[in-house]
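S.K.: Okay, sequence plus prediction incoming.
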Amino acid sequence: MNRLLVALLAAVDALVAASVGVAAALAPLTVLWVFGLGGGADWGALWPASVRVWQLGQLVPLEIALPPEYLNATGIPAEAATFWLSLAPLAFTTFTAVFAARSGGRAARAGAGLVGVAAGAVVTAAIAWVLWRTSGNPIAAVYGWQALVLPTVVFALPALGGAVVGAWRFGDDGPVDAVRRRAESDPRWAAVPEAAARGIGIAVAGFVGAGALVVAAGAALRGGQVIALFEASHVDVAGGALVALAQLAYLPTLVVWGAAFVAGPGFALGTGTAVSPAGTTVGVLPGVPALGIVPESVSPWMLASVLLIVAVGFVAGAAARARLQRAPRGGLADRDEPSAPRLAALAAIVVGAAAGAALLAAVASGSIGPGRLAEVGPAPGAVALAVGLELLVGAAIALFGPVRAGASASGHGRAAGGFDAHGSSDSYADAVASRPAAVLPHWVADDHGASDDHADAGAVASDADTAQFAPADVDPLVTLGSDDDEADGTGSRH
């Protein structure tokens, strides 16, 4: 595809991502302006408020300065009039990141991944600059460089990741192909990058899934407390809808908190507080209904929740090992599994998934108010250490544990990636072309020798050269046994 067209499509992707994000904030605020504030609302503040919500969703911290009139009406002390709001509604962040990753992958498939990433990043920076310049707000202020850099990073990094993955899968005739050729120069190490990437993806997805499970369980068990906090807020229909939408925007943030809880370190709801399986210590909390799912106390048995992350590590390690087992042996016997590739995959899974968990914890923490509310969320370092150790246990068991006989056999002839059983490489097209059209039954190979019948493959055998099917030839259940065992004509094992 033409590079100019790729750049234009990437620019459109960046424009759509930003437009949808701002519109998602603008629409409910417009409803609030119409039905909640009535005819006396200041419509000039609608656009700045919507832009600030979008910027907060792109990890831009807001400096809140409450006016004196509001302080007098609510009785808030003057020292609490100014504070930072930096806890991001990760629903906006997630949407931008997913949209950017798809854009980068599409550009890579078109053969111009870096062009697409650069175009999307430039357009995102330009949009962020326009939004910053048109959204002056005396109550919620932002630093100019943060308003420009952070939205650009939120789009550019996932787009770059999508482009790298797309280039690895489809080729780029550039640096990614060079790295892949170097990795595939030794057949024993050719599958390590894909095995590690698969393991990291499963580990991070499992970490997030464990957090979602905890949030769902908390909502089911403490739903009454959530409803009570809703009723105590005394908001009308429009206000209740807005509160519900705001909590929905923070749902991914709560999921990361739940994942940190499962991993062990937990999260904080203010300075000096902790919510973890080891115990809960919280003070007075804001009357946010979603915080009603936070348990007031926990059982010591909750420490067993770390086994969920260990199980996730086992699944990630098993997936990586399965990929390594399908790789060629480089001249080794089928049952021989080199330890070095498995060790490299284990290290990559542990380090990569721990880094991913730390990143999620970092973006899911911040400040929500003055004083003790300046520290909310999980600690990235503690989460990374705990997740890394737990994944290490589970993945090591899967990667280095014993397997049944024949489970590690990679087969004969061609293997994944165009390598044969002796380590010689070939193109994918040659590998496909070399596959036989059919597999001869073992009774044909035993009677006549499979290697001697290639010249007469198209000839019709006579009655003298044929035999009746044995039960093992037509019973698919026979193949469920070990790969090293052979079935005789009656289905019995030798």
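M.R.: Structure's in. What do you need?
S.K.: Where does pLDDT dip in the stretch 151-300 of the chain?
M.R.: Applying pLDDT under 70 to the stretch 151-300 of the chain flags no residue at all.
S.K.: Could you pull out the strands in it for me?
M.R.: 268-269, 274-276, 279-281 (DSSP state E, counting those that start in this stretch).
S.K.: Give me the contact list for the last one.
M.R.: The reference is to strand 279-281. Identification of contacts with strand 279-281 by Cβ atoms under 8 Å, 6 or more residues apart in numbering yields 272, 273, 274, 275, 294, 295, 296, 297, 298. C-beta here means a position set from N, CA and C on the backbone, and glycine is covered the same way.
S.K.: and among the strands of the stretch 151-300 of the chain, the most buried is which?
M.R.: strand 268-269 (a mean of 24; mean count of other Cβ atoms under 10 Å).
S.K.: That one: partners in the sheet, and parallel or antiparallel?
M.R.: The strands that strand 268-269 pairs with in its sheet are strand 376-377 (antiparallel) (by DSSP bridges).
S.K.: In PyMOL, how would I select just the buried ones from the contacts of strand 279-281?
M.R.: Buried residues within these, by 16 or more other Cβ atoms under 10 Å, are selected in PyMOL with:
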select buried, resi 273+274+275+294+298
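S.K.: Just the contacts of strand 279-281: which are in helices?
M.R.: Counting by DSSP state H, no part of these is found in helices.
S.K.: With distance to residue 221 as extra columns, can I get the contacts of strand 279-281 in TSV?
M.R.: As requested, the contacts of strand 279-281 are exported to TSV (distance: Cβ to Cβ, whole Å):
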residue	distance to residue 221
272	26
273	21
274	20
275	15
294	11
295	8
296	12
297	13
298	12
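S.K.: returning to what we had before: export the strands of the stretch 151-300 of the chain to CSV and tack on distance to residue 313?
M.R.: Shown next, in CSV, are those (distance: least, Cβ to Cβ, whole Å):
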stretch, distance to residue 313
strand 268-269, 25
strand 274-276, 20
strand 279-281, 25
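S.K.: Kindly state which of the ones you listed is positioned closest to residue 194.
M.R.: strand 274-276 (35.5 Å; Cβ to Cβ).
S.K.: helices or strands up against that closest one?
M.R.: Contact partners of strand 274-276 among helices and strands, from 3 or more Cβ pairs under 8 Å, 6 or more residues apart in numbering; DSSP states H and E: helix 251-263, strand 268-269, strand 279-281.
S.K.: so which of those comes closest to residue 317?
M.R.: Residue 317 lies closest to helix 251-263 among the helices and strands packed on strand 274-276, at 17.2 Å (Cβ to Cβ).
S.K.: what's near enough to touch residue 376?
M.R.: By Cβ under 8 Å, 6+ apart, the neighbours of residue 376 are 87, 267, 268, 269, 270, 365, 366, 367, 368.
S.K.: returning to that earlier point: of all the helices and strands packed on strand 274-276, which lies closest to residue 308?
M.R.: helix 251-263 (5.4 Å).
S.K.: helices or strands up against that closest one?
M.R.: Here helix 251-263 touches helix 90-109, helix 192-221, strand 274-276, helix 306-325, helix 339-363, strand 376-377, helix 380-400, going by 3+ Cβ pairs under 8 Å, 6+ apart.
S.K.: Residue 83 falls within a strand, correct?
M.R.: Yes - Residue 83 forms part of a strand when assessed by DSSP: H, G, I helix; E, B strand; the rest coil.
S.K.: Just confirm it contacts residue 369, I think it does.
M.R.: Yes - Residue 83 is in contact with residue 369 according to Cβ atoms under 8 Å; the separation is 5.7 Å.
S.K.: picking that back up, among the helices and strands packed on strand 274-276, show me which one is buried the most.
M.R.: A comparison of those by mean neighbour count, using mean count of other Cβ under 10 Å, puts helix 251-263 on top with a mean of 26.
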